[in-house]
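*Asks:* What follows is a predicted protein model with its sequence.
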Protein chains: 2
Amino acid sequence: MALLVQKFGGTSVGSLDRIHRVAERVEETVRAGHQVLVVLSAMSGETDRLMRLAHEVTTRPDDRELDVLLSSGERVTIALLAMELRGRGVNARSFTGRQVGIVTNSSHTRARIEKIMASPVQQALAEGVVPVVAGFQGVNERSEVTTLGRGGSDLTAVALAASLKADRCVIFTDVDGVYTADPNIVPDARRIHKLSYEEMLELASLGAKVLQARSVEFAAKYGVPVEVKSSFQEGEGTLVTHEDADMERAVVSGVTGDRNQAKVTVIGVPDRPGIAADLFTAVAGASISVDMIIQNVSQGSLADISFTMPRSDIARALPLMEKAKDELGAQTIEVKDEIAKVSIVGVGMRSHSGVASRMFQTLSREGINIMMISTSEIKISCVLHEKDLNSAIRALHQEFGLGQPVDA
Amino acid sequence: MALLVQKFGGTSVGSLDRIHRVAERVEETVRAGHQVLVVLSAMSGETDRLMRLAHEVTTRPDDRELDVLLSSGERVTIALLAMELRGRGVNARSFTGRQVGIVTNSSHTRARIEKIMASPVQQALAEGVVPVVAGFQGVNERSEVTTLGRGGSDLTAVALAASLKADRCVIFTDVDGVYTADPNIVPDARRIHKLSYEEMLELASLGAKVLQARSVEFAAKYGVPVEVKSSFQEGEGTLVTHEDADMERAVVSGVTGDRNQAKVTVIGVPDRPGIAADLFTAVAGASISVDMIIQNVSQGSLADISFTMPRSDIARALPLMEKAKDELGAQTIEVKDEIAKVSIVGVGMRSHSGVASRMFQTLSREGINIMMISTSEIKISCVLHEKDLNSAIRALHQEFGLGQPVDA
């Protein structure tokens, strides 16, 4: 008998028919003799609908009230699933974020979990009850409703699994796992059987939207084995766990592309100490994360500073940067938004040398110009023209043999 | 400066446009220097929608889970109104049933309020905050969500008004008050300016759906002045308060009709003591309320027992009564569902004699046959054929001069 946390996302509970299939899956697991705790999101589209209502009511909705509003969505799904399970003779009981004891800080709409007082669910599990828990929500110390931000239900599931020392946290979603590349771009992309937390974290933050990055960090910290699998078809998924010998055999585990990129160049910045700090402080103040940075002295004592950032933040960042430019005495700002980022990720890079040069040669062979490069211990990213992204992904996938099964 | 509780029902918050108008009204009251606490229902239709979902998921939804489901509706409206008020510069804050401290028993879907720990709202009011409270919901001693049954938001409003010793509880609804008769039937029906709790209670339980009966009982018990008025137009409504000299000047305050009536006759019941008790115990066990009862010995030692009950409960009651009939050794059961009940209500009946005979004479003059009669200190009801109901209402309205203003 294992203790399993099963999390179902919005598309998996998007209709009564789908809730019905979730109930079947949970019942099967229970009948197989396991203890199960279920975590649910709101029905797909519901959070967006509520957000739209809020923004129609007022231009800047209050964050505390947004949380009261948004947290209504999971109440509907947990109650419906608990009812259906009880109708099938499975002793289930719904728990809101408060009832499950998820205590967060008071940063409404993006709260961080501070502690989990899991005793009510522990007791329920001991009584043979299947707890059906509302994901995405908690309460602060004053017992006010908070939410954990987009993808927060993954975090609820992983945090409860950690707190209960569950044997596995299974994230059911609309894809059947993490792939070596986007199958829409690379037809022979394979599902990855096993990934390390570090790799998953790089892939998550690089834009593979399978698992929320904060929940991967949490799983790594507490060593929770997380399995990502399809809620619509049977079969294995991708297991995210501690790095092991198997994983190191592959040099590269996956290739990802990110189109949400823009390159900003501030031209003619007086080249004196601290000037870059001043520039980036202005942007950081608006919670805009800058990625790669290049500085080069071009015209005597004037420097150019280039950096990349999410394309979707450009509209918000530009006024701040224009202001900083004037204060710094720089000349102009140039924005280039037809760029993209290709990355290769793999713990095998630690033990294999020459991975970077193989990557650059491969792109060069394809006639692809590299604009910027950044590396970490298990990742290499290159910024290139957006039109080259798909061919870069395909060439790298081929070069590192990702189409072949690992065991072949 | 007065402390006012303002309650807005489902149709008053049924769309963003209407929530906008509620916000205007609340803001006006605040700007006029009053303290305001707002109680809201879910958007109209939402409770029905959630109920439908529950019944599609399973034939007999669990009551505890129904409450989790149904209580999601008011979270949406309180958050939206609080946001809009804050957007207008009114310091508002939403409170769920739990946050406002409404503690109920554990009868899910029809819980009764046991106590109100109003200190959080009292503190909010003292800080100049407008509390926006979710009606219809509370929590039991174990902090599980409960709901108060249909119309429960009225009860939330009255109970909070009592607990806070508010100067007035204003129930905004889609009609502008309580009328001397249904204006669709009697064109010269007048809005009643002032009614006693007892009269309102009789009218509420007789089917005038303006105010939930339990909330009237609660208001009477704690002496909360309740005003019913329109949320769509300006002007006075109907004030429900302690009986006073004004009210006694009118013999009759209102005439109501109720079509949700059926008459059941159990024929050939052995006439021995306790037999009626046995029969009605069977029906009471299913929470079906029997109204008028007539027993008459017809065939030697056999009696017929006739009684009225809500027509909507007949399907549920019949199998129980068939069973009781067999156990009692009765002959047959006859159901007549084309009946209706007309009632006149007024505290003035206490001091005026001959009201009953005037009522019977009026009906007789119209050629209307009376099947059953029941009376209380301030009410007389007659059961008649459904086809005669409207003319009975019109004739009684005329006879007791209800079309003329009280002061004329």
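*Replies:* Noted; the coordinates are in hand. Numbering: from 1, shown residues only, chains lettered A, B, ... in the order given.
*Asks:* close to chain B, is stretch A:36-46?
*Replies:* No: judged by C-beta under 8 Å from any C-beta of the partner chain, stretch A:36-46 and chain B are separated, with a smallest distance of 9.8 Å. (Each C-beta comes from the backbone N, C-alpha and C, glycine too.)
*Asks:* so how far is that stretch off the chain centroid?
*Replies:* 17 Å (C-alpha atoms, centre = their mean, to the nearest Å).
*Asks:* go on, stretch A:244-257?
*Replies:* Averaging C-alpha positions (C-alpha atoms, centre = their mean) puts stretch A:244-257 19 Å from its chain's average.
*Asks:* again with stretch A:376-394
*Replies:* Worked out by C-alpha atoms, centre = their mean, stretch A:376-394 lies 19 Å from the chain centre.
*Asks:* Next, the distance between the ends of that stretch.
*Replies:* Stretch A:376-394 stretches 22 Å from its first residue to its last (C-alpha to C-alpha, to the nearest Å).
*Asks:* And for stretch A:62-79?
*Replies:* Span of stretch A:62-79 from end to end, C-alpha to C-alpha: 27 Å.
*Asks:* tell me which parts of chain A are close to chain B?
*Replies:* A:16, A:19-20, A:50, A:53-54, A:56-62, A:64-66, A:68-69, A:71-73, A:75-76, A:78-80, A:82-84, A:86-87, A:93-94, A:96, A:99, A:143-145.
*Asks:* ok, 6 Å please
*Replies:* A:16, A:56-58, A:61-62, A:65, A:68-69, A:72, A:75-76, A:79-80, A:82-84, A:86-87, A:94 (C-beta under 6 Å from any C-beta of the partner chain).
*Asks:* Buried subset of those as a PyMOL selection?
*Replies:* Applying 16 or more other C-beta atoms under 10 Å in any protein chain shown to the residues of chain A next to chain B, the buried members can be selected in PyMOL as follows:
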select buried, chain A and resi 57+58+61+62+65+68+69+72+75+76+79+80+82+83+84+86+87+94
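*Asks:* if you look at the residues of chain A next to chain B, which of them are in helices?
*Replies:* Among the residues of chain A next to chain B, DSSP state H puts A:16, A:56-57, A:65, A:68-69, A:72, A:75-76, A:79-80, A:82-84, A:86-87 in helices.
*Asks:* excluding its backbone neighbours, what's nearest residue A:93?
*Replies:* residue A:129 (5.1 Å; C-beta to C-beta, 6 or more residues apart in numbering or on different chains).
*Asks:* number of nearby residues for the one you found?
*Replies:* 18 (other C-beta atoms under 10 Å in any protein chain shown).
*Asks:* Tell me the buried residues in stretch A:194-205?
*Replies:* For stretch A:194-205, the neighbour count (16+ other C-beta under 10 Å) marks A:194-205 as buried.
*Asks:* Narrow these to those in strands?
*Replies:* A:194-196 (DSSP state E).
*Asks:* quick one: which of those residues is nearest to chain B?
*Replies:* residue A:195 (36.0 Å; C-beta to the nearest C-beta).
*Asks:* How about the contacts made by that closest one?
*Replies:* By C-beta atoms under 6 Å, 6 or more residues apart in numbering or on different chains, the contact list for residue A:195 reads A:238, A:240.
*Asks:* distance of it from residue B:96?
*Replies:* Using C-beta to C-beta, to the nearest Å, we find residue A:195 at a distance of 41 Å from residue B:96.
*Asks:* and what of residue A:239?
*Replies:* Distance, residue A:239 to residue B:96, using C-beta to C-beta: 39 Å.
*Asks:* Please say which of these two ends up with more neighbours.
*Replies:* Shown here are residue A:239 and residue B:96; by other C-beta under 10 Å, residue B:96 has more neighbours (24 against 18).
*Asks:* For that one, what are phi and psi?
*Replies:* phi -80, psi 170 (degrees, to the nearest 10).
*Asks:* Please report how far it lies from residue A:236.
*Replies:* For residue B:96, the distance to residue A:236 - C-beta to C-beta - is 42 Å.
*Asks:* Likewise for residue A:105?
*Replies:* Look at residue A:105 and residue A:236: by C-beta to C-beta, they are 37 Å apart.
*Asks:* can you check residue A:279 too?
*Replies:* For residue A:279, the distance to residue A:236 - C-beta to C-beta - is 48 Å.
*Asks:* Who has more neighbours out of the two?
*Replies:* Between residue A:279 and residue A:236, counted using other C-beta under 10 Å, the more crowded position is residue A:279 (24 against 12).
*Asks:* Look up how far chain B lies from the nearest residue to the more buried one once chain neighbours are set aside.
*Replies:* Excluding the flanking residues, the one nearest residue A:279 by C-beta to C-beta, 6+ apart is residue A:324, at 5.3 Å. Per C-beta to the nearest C-beta, to the nearest Å, residue A:324 is found 31 Å from chain B.
*Asks:* Am I right that residue A:324 is in a helix?
*Replies:* Yes: under DSSP: H, G, I helix; E, B strand; the rest coil, residue A:324 sits within a helix.
*Asks:* hang on, isn't it packed against residue A:281?
*Replies:* No: judged on C-beta atoms under 6 Å, residue A:324 makes no contact with residue A:281 at a distance of 8.3 Å.
*Asks:* Compare those two and say which is more crowded by neighbours.
*Replies:* When residue A:324 and residue A:281 are compared for neighbours, residue A:324 comes out ahead with 21 against 12, by other C-beta under 10 Å.
*Asks:* For stretch A:387-407, the averaged confidence score.
*Replies:* Mean per-residue pLDDT for stretch A:387-407: 89.
*Asks:* contact partners of it?
*Replies:* A:180-181, A:185-186, A:188, A:250-252, A:255, A:257, A:340, A:342, A:344, A:362-363, A:366, A:368.
*Asks:* again with stretch A:220-235
*Replies:* With C-beta under 6 Å, 6+ apart, stretch A:220-235 has contacts from A:8, A:12, A:158, A:161-162, A:168-172, A:176-177, A:197, A:210, A:219, A:237-241.
*Asks:* Identify those among these that sit within helices.
*Replies:* A:158, A:161-162, A:197, A:219.
*Asks:* And the furthest pair within these?
*Replies:* A:161 and A:197 (13.6 Å; C-beta to C-beta).
*Asks:* Tell me where the model's unsure across chain A.
*Replies:* For chain A, the stretches with pLDDT under 70 are A:207-208, A:297-299, A:405-408.
*Asks:* Any idea which residue is closest to the centre of it?
*Replies:* When C-alpha atoms, centre = their mean is applied to chain A, the residue found nearest the centroid is residue A:212 (2.7 Å).
*Asks:* Identify the residues contacting it.
*Replies:* A:151, A:154.
*Asks:* what about it, distance to residue B:321?
*Replies:* Distance from residue A:212 to residue B:321, counting by C-beta to C-beta: 59 Å.
*Asks:* same thing with residue A:180?
*Replies:* 71 Å.
*Asks:* try residue A:389
*Replies:* 76 Å.
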